[in-house]
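A.B. asks: I'd like to go over a predicted model; first the sequence, then the structure.
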Amino acid sequence: MNSFRTRLLFWLVTLIATVLIALGLLLGQLLKDFYAETMNKRMEKEAQALAILLENEPLEQIRADLQEMGNELSSRITVLDKEERVRFDSGRVAAISDKDHERIVRAILRKKQFPRFSVIEKTNDVYYYIVPYERGERSGYVVLSTPTSSLQKVNEQIWGVLTSSLGMALVVIIALVWKIANQYMKPIEEATKVAFELEKGNYAARVPDGEYNEAGMLVRSINRLARHLQEMSRAREIQTDRLHTLIENVGSGLLFIDHRGHISLINRAFQTQFHLDPSDCLHRPYADVLPHGDIVRFIDDIFITETTMRRHMRLTIGIERKHFDVYGAPIIGTNAEWKGIVVVFHDITELKRLEQIRKDFVANVSHELKTPVTSIKGFAETLLDGAMKDEAALEHFLTIILKESERLQTLVEELLDLSKIEQHGFQLQLEDVDIAQVIAEAAAVFRQKAAEKQIDLHIESPSGLVIRGDRNRMKQILLNLLANAITYTPEHGRVAVEAEETEKEVLIHVKDTGIGIEEKEIPRIFERFYRVDKARSRDSGGTGLGLSIVKHLVEAHHGYITVASKVGCGTVFTIHFPKPGR
């Protein structure tokens, strides 16, 4: 259909355009010739009038008049005697020098083609009109020269008007032809398109309303068929859409298990909460898929008792510990038919965290502040009681006071830094960061401290490994991890910082051969003020905020951190940064 209509319109438009172009060329040439003839007649009359004036009046008396007439006519008036000498010249009106002007005039006079003739200068078109006049001994020639720029301008205007007029006529004719073609071809095309859509299952497709004349019966039949098909499927689609929208957009995780114990559906929230891929879960037994024994036992109890249950669960997911309020209920169909069960997971981790923060913050901060303040106060009182007279004791106590004040300052600065990082508007200063260079700079800070403990500090990173991040914040991450590694590694131990890349990520490993971390402690090491070895950490000047800052900074770079540790063997912190462009 489209091919036939396209060919028809093409040939009609081609024919009409050809006719209009031919008509435009003919009219343009006629108008151009008419204006040129009119201009020649005007110049002839003006030149003859000048000749009559020279025959009746002496040249010396009418020089000013001739100059004024030349200006008014926008023409150059030149008077020559019989010997072809110039007796008057009103001045140039075109880009032709006086010398060239005289040469052209003399060349015309030699042709002796009176009473009228003209010459076109090659580069700047000019009309020359020469008329002889008789006045006794003072007879001669009047030369009237006018540039053809006005003729060219009029010619351009003529072609502009013709082009615009004929172009508008062409557009109007094409629109009329298009409308006529649509009146007969469009209904059939629209009906064909709707038939194809109905075949695909799109029952909402309709042929647009309109005056289709002979094709109206076909259009109405297609639309009735589409309405009947749509009514048959509408109820089912409404129910499906409502259920899908509810399941996918509810804030809690949903898990549906059929009567055989196979997972039949998980929503988006459940996938996010437990980091599960639907392709690895659906249509498989729940005991083989769900990674937490508490959830499996909870579902087992529902299957056994066939009653509604509710429990509070604390689950470890990755390196995080999350709290869930879990609700489970059996699905019983008509005639007491067992359909399966539904389990709802309400993530209350944030509520628990805020509740715990309210409890712990005052206690932790007051405890952390109390220790250095108590030390400073105690030693200050001791000095005031007379110990300051003992120079050795004075120096010792002042050193302790300085150390405790520095610890107090570090605690306040890290609290402020952590508060700044957790703010909603916190932004990184992103740039291309050379991983090897950042690792080298961070390791250089601890070279002396590692040497004092005879710890082998080793770094290894491939050259040219670059990620998009904040250089200073990445260095801060490595400094905190290295400080912990060296602090908790005994003498003659080993600390290594290694970088590598995979297909999707850039990995930085901070390894040590220190005391290690118990598995049950790992989920909590990123909490504020949490210490695995409280005595050692406090003696080293630690505040318990370093790893919390590390976690927040890594997440600000759209990465994450994992921990692997064995008590007595050491710990490995692995930072996962996404590659640039991901």
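C.D. replies: Received it, and whenever you're ready, just let me know what you need. Residues are numbered from 1 along each chain as shown.
A.B. asks: so which residues of the stretch 51-200 of the chain form helices?
C.D. replies: Ranges of helices in the stretch 51-200 of the chain, per DSSP state H, counting those that start in this stretch, are 63-73, 98-111, 149-200.
A.B. asks: nearest to H283, out of these?
C.D. replies: Comparing the helices of the stretch 51-200 of the chain against H283 with Cβ to Cβ, the closest turns out to be helix 149-200 (28.0 Å). For glycine as for every other residue, the C-beta is placed from the backbone atoms N, C-alpha and C.
A.B. asks: which secondary structure elements does the closest one contact?
C.D. replies: helix 2-56, helix 216-249 (3 or more Cβ pairs under 8 Å, 6 or more residues apart in numbering; DSSP states H and E).
A.B. asks: re earlier: would you turn the helices of the stretch 51-200 of the chain into CSV with mean neighbour count and mean pLDDT?
C.D. replies: As requested, the helices of the stretch 51-200 of the chain are exported to CSV (neighbours: other Cβ atoms under 10 Å; pLDDT from 0 to 100):
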stretch, mean neighbour count, mean pLDDT
helix 63-73, 14, 74
helix 98-111, 14, 70
helix 149-200, 14, 75
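A.B. asks: so which of the ones you listed gets nearest R85?
C.D. replies: helix 98-111 (9.6 Å).
A.B. asks: for that closest one, name the packing helices and strands.
C.D. replies: Against helix 98-111 (3+ Cβ pairs under 8 Å, 6+ apart) you get strand 76-81, strand 86-89, strand 126-133, strand 140-147.
A.B. asks: please identify the most buried of those strands.
C.D. replies: strand 140-147 (a mean of 24; mean count of other Cβ atoms under 10 Å).
A.B. asks: can you list the strands that it pairs with?
C.D. replies: Using DSSP bridges, strand 140-147 pairs in its sheet with strand 76-81 (antiparallel), strand 126-133 (antiparallel).
A.B. asks: report the inter-axis angle for the longest one versus helix 98-111.
C.D. replies: If you take axes from the mean of the first three to the mean of the last three Cα atoms, to 10 degrees, strand 126-133 sits at 60 degrees to helix 98-111.
A.B. asks: what angle do helix 149-200 and strand 126-133 make with each other?
C.D. replies: Using the same axes, to 10 degrees: strand 126-133 against helix 149-200 is 150 degrees.
A.B. asks: now strand 126-133: average pLDDT?
C.D. replies: For strand 126-133, mean pLDDT is 75.
A.B. asks: could you point out which element follows the lowest-mean-pLDDT helix or strand in the chain?
C.D. replies: Every helix and strand of the chain was ranked by mean pLDDT, DSSP states H and E. The lowest is helix 534-539, at a mean of 50. Counting by DSSP states H and E, the next helix or strand C-terminal to helix 534-539 is helix 546-556.
A.B. asks: check which residues of that next one are buried.
C.D. replies: Using 16 or more other Cβ atoms under 10 Å as the burial criterion, the residues of helix 546-556 that qualify are G546, L547, S548, I549, V550, K551, H552, L553, V554, A556.
A.B. asks: closest to K475 among those residues?
C.D. replies: Distance to K475, by Cβ to Cβ, is smallest for L553 among these, at 10.2 Å.
A.B. asks: run through the bridge partners of F88.
C.D. replies: In beta-bridge terms (that is, DSSP bridges), F88 pairs with V79.
A.B. asks: can you tell me the strand partners of the longest strand seen in the chain and which way each runs?
C.D. replies: In the chain, with assignment by DSSP state E, the single longest strand is strand 320-332. Take DSSP bridges as the rule and strand 320-332 pairs in its sheet with strand 309-317 (antiparallel), strand 338-347 (antiparallel).
A.B. asks: nearest approach to A47 belongs to which of these?
C.D. replies: Among those, if distance is taken as Cβ to Cβ, the winner is strand 338-347, at 103.4 Å.
A.B. asks: want to throw the buried residues of helix 546-556 into a markdown table with distance to V194 and pLDDT?
C.D. replies: Putting those into a markdown table (distance: Cβ to Cβ, whole Å; pLDDT from 0 to 100) gives the following:
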| residue | distance to V194 | pLDDT |
| --- | --- | --- |
| G546 | 68 | 76 |
| L547 | 64 | 83 |
| S548 | 62 | 81 |
| I549 | 63 | 80 |
| V550 | 62 | 85 |
| K551 | 58 | 86 |
| H552 | 57 | 83 |
| L553 | 58 | 85 |
| V554 | 56 | 87 |
| A556 | 53 | 83 |
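A.B. asks: right, I'll call it a day here.
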